[in-house]
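>>> Make a model of this:
(chains A, B and C)
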Amino acid sequence: MPTHFLRLRDLSDEALENLVDLAIRMKQKPPNRLLAGKSLGLLFFNRSLRTRATFEIAMFQLGGQSIHLSSSADFWELEAEEGKVMDGPAPEHVKDAARVLSSYLDALAIRAVPSGPKYEVDRRDAPLHAWARHATVPLINMESFFEHPCQGLADVVTLRETFGASLRGIPFTLAWTNHPSAQTPSVAHSILHAAARLGMEVRVAHPEGYELDAEVLEGAREAARRSGGSVKICYDLSEALAGTRVVYARSWGSIPLHGQPTVEAAKRSRHREWIVNGAAMRRTDKGKFMHSMPVRRNVVVTDDVLDGEDSLVFRQAANRLHSQKAVLATLLQ
Amino acid sequence: MPTHFLRLRDLSDEALENLVDLAIRMKQKPPNRLLAGKSLGLLFFNRSLRTRATFEIAMFQLGGQSIHLSSSADFWELEAEEGKVMDGPAPEHVKDAARVLSSYLDALAIRAVPSGPKYEVDRRDAPLHAWARHATVPLINMESFFEHPCQGLADVVTLRETFGASLRGIPFTLAWTNHPSAQTPSVAHSILHAAARLGMEVRVAHPEGYELDAEVLEGAREAARRSGGSVKICYDLSEALAGTRVVYARSWGSIPLHGQPTVEAAKRSRHREWIVNGAAMRRTDKGKFMHSMPVRRNVVVTDDVLDGEDSLVFRQAANRLHSQKAVLATLLQ
Amino acid sequence: MPTHFLRLRDLSDEALENLVDLAIRMKQKPPNRLLAGKSLGLLFFNRSLRTRATFEIAMFQLGGQSIHLSSSADFWELEAEEGKVMDGPAPEHVKDAARVLSSYLDALAIRAVPSGPKYEVDRRDAPLHAWARHATVPLINMESFFEHPCQGLADVVTLRETFGASLRGIPFTLAWTNHPSAQTPSVAHSILHAAARLGMEVRVAHPEGYELDAEVLEGAREAARRSGGSVKICYDLSEALAGTRVVYARSWGSIPLHGQPTVEAAKRSRHREWIVNGAAMRRTDKGKFMHSMPVRRNVVVTDDVLDGEDSLVFRQAANRLHSQKAVLATLLQ
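Presented below is the predicted three-dimensional model:
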């Protein structure tokens, strides 16, 4: 396993397997004080409920400590450009903050989601990678614009618990849904990669104009080729649901309209029928419903599906705790 | 004791007695690591100094952990309406947040004080009760619009320490005071109920137009009937103080003018003489002064009374820690 | 050692020696659970990255707990005037907050930097001293307008590690530098006092109009007389650097222009050449570079100097943790 935990695709097959197995063992029997005396720094540039709670609890249950630092209350804008004459608003360079915090803490975790006008800039996740470059302790990605590996890992654990040790050949539908605002593709990217690399028969469904990042798609196809899985694009939700075993709902913004919120919202609002409801679920083969939360009820998915017995969403959320314990134990021990 | 700790009136006499006794024992000899490995989630929709500090210290001293989540920095608006199409500002439903947090935490504590235009709405404490309905772990009310049971319990502990095991027949004056803004009735409701149910001779003093909630008053009278106490309303502060043993000062807003801050402020400003000063205290029978803090010096009470030897306010504040330890130990063990 | 830790000049020579020695021992071999069960309250009226992280980690590594309370999210404006009729914005008096928190916590630490229009007012550090007057547990100054003793102590530890047990006679240059905004003199005051009292040959370099506080300078000269050191003022950076062994860079605002940000900024902007660069360092005698961070790269100091092998800045930052452990252990045990 690499030093940092930034993207699922950075992990070898073996490293991913080991994390999933460890998460499941952690869930069954919480280990005690594995990380006694260790401190984790949590750096939030964006809000969080599940992520923050699970990391703080994970460290506590393993005997360690977490320090919560938030850009809204505790620290300041950080400069990321090399060689800059720092006479602007940022009083500190990310390289200095990262190096100093690394001298105090045993690991850092960061949530930094850029939201600028240009897709080509945001997709690079510059803040995350600047921290990764300068931190001298392990860095954990708690969600960036492009990836959400902690969610992806919890999702894989949930799929394993539900379908058993091999996911090969199981139909899996990643379903774009309507949403009141343009969402980042982070969750979609992480689960798409994971499902493809685990050999699932992946279908990605979305309206025209909501194509995923070409490089991410190509990476998923490549992973599928190696695992014996497949990745297919559908512009029809109904078709993508037929006979599937998993419906993973997630909205994301239109790449060509990135940074144009009004135009994008007008386009998105024409796709209100992209919702997972009872009729949609009846097209599946006893399909399970998945979502990373927070979830817009009756916009993304109807109440009956979300609260029904085939919903895995609360299990996914609960597995965040155990998955992150596995990541922490692996990086920090 | 019920699963949640929302209102003192939900407790049986025995449950209340047990909590008070446990708080006094906790104060004398702090128990160690009773709650080792347990995590408490603190959800603040409003600011806090005493409450937050005492809950965090209580959990630490009992071997557990607390996670502090604040609506100003960490999470987002939560939808409370059932069946809502969630295309508005709230990205998550309270039922989902409550269920997910319940899967991570051993208990939740919430401070949520609605402040809308309608008294009939605010008095229902919808946010608190939505969390109570959906949480699957014990929920503690850290102050709502209508109740402040943690303060009420600390007040009972303080009265017991001061007057001994039986409070029956002791005159107790709940004195409305002036204040720069309309305060919620939470503290007044909790202590009124407690004093009545413990058999005290309760006098509620306030100007015309500041009558307490009719249902709360009727509940207090019913509690007094059962306990052998009494509840009397006085429109004259002087009369209510004559021969009393306790003066509990607290301001609250006028119900008929709820949601009309300018008109209410004008009415309130005509009652500047409703202040607890040395002359007022000399009318009592060696009366003790109580207040829940934060306290507006020289508006609610004069410096000499607050800092005098008959002031119990710092003891009340200190007892918050021990009372909450008793609540946590009872709910979580 | 006094009960509080507010200013290095309040410490006897022996108390300062003991703290430095203890910090160095703490660094070599972290003591375990010295402060088991103890709680420290951290009160931030201003933002913090290093200070907050190091205090939280220090308490955890010593077996204790810290409670983080911030004026931006948790508490409210506090009244400081005695006898005030509190009908303004502040709902609580500092004397009440300090007394109540003292009843819960084993020590308090405060960062409160006044930034009003008048130098004569700000230099008094009224908020800090109000807390010191009313707290009944030890109070630690985490930076005020006038002093930063935690930084000063870490700096002394760093100098000792670099130059050995005696600093007597070693040339030390406190170099004013350019900066985009008027900085407080806190760090300059603490290190100036420390260098003078440790017998160093101190040179203070700054442009005209940036003279330090007369009382602070006189105190430093008095300390130097007792220690066999010296304090000299230079209006020429080059001259102040010739043959020095340490360059401590720090910007501070012009006292005569305090509270006049536009005029002060215009004056400051004429001093862009006050930067520590490679040419400046070559005038020294293998000089070490020091700064308290956060640091404006290429405004205060150039990248090559900051990242060079003679830079002590990351060691200074790391020593914050060990120094504060020494302060906590000394005050709280």
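>>> So which residues lie in contact with the helix or strand A:Thr262 falls within, not counting its own?
Using DSSP states H and E, the element containing A:Thr262 is helix A:261-268. Helix A:261-268 is touched from outside by A:Asn178, A:His179, A:Ser181, A:Ala182, A:Gly209, A:Gly253, A:Ser254, A:Leu257, A:His258, with contacts defined as CB atoms under 8 Å, 6 or more residues apart in numbering or on different chains. Yep, even glycine has a C-beta here, placed from its N, CA and C like the rest.
>>> ok, what's across the strand from A:Leu40?
Going by DSSP bridges, A:Leu40 is paired in beta bridges with A:Ser66, A:Ala107.
>>> any idea how far it lies from chain C?
10 Å (CB to the nearest CB, to the nearest Å).
>>> contacting residues around the nearest residue to A:Asp125 once chain neighbours are set aside?
Computed as CB to CB, 6 or more residues apart in numbering or on different chains, the closest residue to A:Asp125 that is not its neighbour in sequence is A:Ser144, at 4.3 Å. Residues in contact with A:Ser144, defined by CB under 8 Å, 6+ apart, are A:Leu6, A:Arg111, A:Ala112, A:Val113, A:Pro114, A:Asp125, A:Pro127, A:Leu128, A:Ser186.
>>> quick one: buried residues of the helix holding A:Thr262?
For helix A:261-268, burial by neighbour count (16 or more other CB atoms under 10 Å in any protein chain shown) applies to A:Glu264, A:Ala265, A:Lys267, A:Arg268.
>>> Among those residues, which one lies nearest to chain C?
Proximity of the buried residues of helix A:261-268 to chain C (CB to the nearest CB) peaks at A:Ala265, which lies at 31.5 Å.
>>> Kindly provide the distance from that closest one to C:Asp21.
As judged by CB to CB, to the nearest Å, A:Ala265 and C:Asp21 stand 64 Å apart.
>>> pLDDT at the nearest residue to A:Ser115 once chain neighbours are set aside, what is it?
Distances taken as CB to CB, 6+ apart put A:Asp122 closest to A:Ser115, at 6.8 Å, once the chain neighbours are dropped. On the pLDDT scale, A:Asp122 is placed at 97.
>>> What sits closest to the residue of the stretch 101-250 of chain A found nearest chain B if chain neighbours are left out?
Relative to chain B, the nearest point of the stretch 101-250 of chain A is A:Pro180 (4.7 Å; CB to the nearest CB). Leaving aside its sequence neighbours, A:Pro180 sits nearest to B:Asp87 (CB to CB, 6+ apart; 4.7 Å).
>>> can you confirm that neighbour is in a strand?
No. Judged by DSSP: H, G, I helix; E, B strand; the rest coil, B:Asp87 forms no part of a strand; its state is coil.
>>> who touches it in this structure?
A:Pro180, A:Arg296, A:Val299.
>>> Please check which residues sit opposite whatever residue of the stretch 51-200 of chain A ends up closest to chain C as beta-bridge partners.
Nearest residue of the stretch 51-200 of chain A to chain C, counting by CB to the nearest CB: A:Glu92, 3.5 Å away. Counting by DSSP bridges, A:Glu92 forms beta bridges with A:Leu78.
>>> Which strands or helices does whichever strand or helix holds A:Ala15 pack on?
Applying DSSP H and E as the criterion places A:Ala15 in helix A:13-28. On a contact count with 3 or more CB pairs under 8 Å, 6 or more residues apart in numbering or on different chains; DSSP states H and E, helix A:13-28 meets helix A:149-163, helix A:186-197, helix A:313-332.
>>> I'd like those laid out as JSON lines, including distance to chain B.
Below are the helices and strands packed on helix A:13-28 laid out as JSON lines (distance: least, CB to the nearest CB, whole Å):
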{"stretch": "helix A:149-163", "distance to chain B": "12"}
{"stretch": "helix A:186-197", "distance to chain B": "14"}
{"stretch": "helix A:313-332", "distance to chain B": "4"}
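>>> which stretch among the ones you listed comes nearest C:Leu49?
Closest approach to C:Leu49 among these is made by helix A:313-332 (21.7 Å; CB to CB).
>>> and A:Pro30, what is it in contact with?
By CB under 8 Å, 6+ apart, the contact list for A:Pro30 reads A:Gln61, A:Lys325.
>>> what's the neighbour count on the residue in the stretch 51-200 of chain A that chain B sits nearest to?
Using CB to the nearest CB, A:Phe60 is the residue of the stretch 51-200 of chain A that sits closest to chain B, at 4.3 Å. Neighbour count for A:Phe60, taken as other CB atoms under 10 Å in any protein chain shown: 19.
>>> which residues touch the residue nearest to it when sequence neighbours are not counted?
Distances taken as CB to CB, 6+ apart put B:Gln65 closest to A:Phe60, at 4.3 Å, once the chain neighbours are dropped. Applying CB under 8 Å, 6+ apart, we find B:Gln65 in contact with A:Glu56, A:Ile57, A:Phe60, B:Lys38, B:Ser39, B:Leu40, B:Met59.
>>> on that earlier part again, tell me which of the contacts of A:Ser144 fall in helices.
A:Pro127, A:Leu128, A:Ser186 (DSSP state H).
>>> Going through those residues, which ones are buried?
A:Pro127, A:Leu128, A:Ser186.
>>> okay, the first one: pLDDT?
If I follow you right, that is A:Pro127. Model confidence at A:Pro127 (pLDDT) stands at 94.
>>> can you check A:Pro31 too?
75.
>>> Most widely separated two among the contacts of B:Gln65?
Checking those with CB to CB, the most distant pair is A:Glu56 and B:Lys38, at 13.3 Å.
>>> got a list of contacts for the helix holding A:Ala15?
So helix A:13-28 is contacted by A:1, A:8, A:11, A:153-154, A:156-157, A:160-161, A:194, A:197, A:319, A:322-323, A:325-327, A:329-330 (CB under 8 Å, 6+ apart).
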